[in-house]
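> this one's sequence-less:
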């Protein structure tokens with residue numbers, strides 16, 4: 001978590017909130033396959049945790065659950081097939097429809 005703390009701290013949270021966000025991030029990362037944590041996934045989780053915390057949520061378990069929800073079934077399918085999410089599938093995190101089409105293409109190949 002130490003590498004991600006500045007990301008939370010730079011978002012304007014106090015020390016206690018930063019600790020809670022870090023805890024939520026750790027919970028979310030532990031839920032992923034160890035090889036399914038490329039930097040882009042870690043950043044997506046951190047950004048979602050920050051976004052939800054800015055609306056007032058401070059329960060680490062709920063923050064982690066909400067953050068993991070953005071990965072959805074696509075992440076589960078790819079991880080089940082490869083044991084991780086290759087960076088190729090994380091190239092367009094703001095356009096999930098493109099990533100899903102890439103996954104459909106990969107499955108058909």
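Right, received. Where do you want to start? Since the model is a prediction, treat every value here as computed from it, not as a measurement.
> tell me the contacts of residue 66?
By Cβ atoms under 8 Å, 6 or more residues apart in numbering, the contact list for residue 66 reads 48-49, 52, 57. Just so you know, the C-beta spots here come from the backbone N, C-alpha and C atoms, and that holds for glycine as well.
> which element is it on?
In the assignment (DSSP states H and E), residue 66 maps to helix 60-69.
> let me have the contacts of residue 66 in CSV, extended by neighbour count.
Listed next are the contacts of residue 66 as CSV, based on neighbours: other Cβ atoms under 10 Å:
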residue, neighbour count
48, 21
49, 29
52, 20
57, 16
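> now, among these, which is nearest to residue 85?
Using Cβ to Cβ, residue 48 is the member of these that sits closest to residue 85, with 15.7 Å.
> just the pLDDT for the residue nearest to that closest one when sequence neighbours are not counted.
Nearest non-adjacent residue to residue 48, counting by Cβ to Cβ, 6 or more residues apart in numbering: residue 67, 4.1 Å away. Note for residue 67: predicted pLDDT of 88.
> in this structure, which residue is most central in space?
Note on the chain: the residue nearest the mean C-alpha position is residue 45, at 2.6 Å, using Cα atoms, centre = their mean.
> ok, it to residue 18 distance?
As judged by Cβ to Cβ, to the nearest Å, residue 45 and residue 18 stand 15 Å apart.
> all helices for the chain, in order.
Assigned by DSSP state H, the helices in the chain fall at 5-9, 15-30, 39-54, 60-69, 72-82, 96-108.
> pull the number of nearby residues for residue 70.
Neighbour count of residue 70, defined by other Cβ atoms under 10 Å: 15.
> so it sits right up against residue 48, yeah?
Yes - in terms of Cβ atoms under 8 Å, residue 70 counts as a neighbour of residue 48; the distance is 5.2 Å.
> related to what we said a few turns ago, ok, so of the contacts of residue 66, who is nearest residue 23?
Nearest to residue 23 among the contacts of residue 66 is residue 49, at 9.9 Å by Cβ to Cβ.
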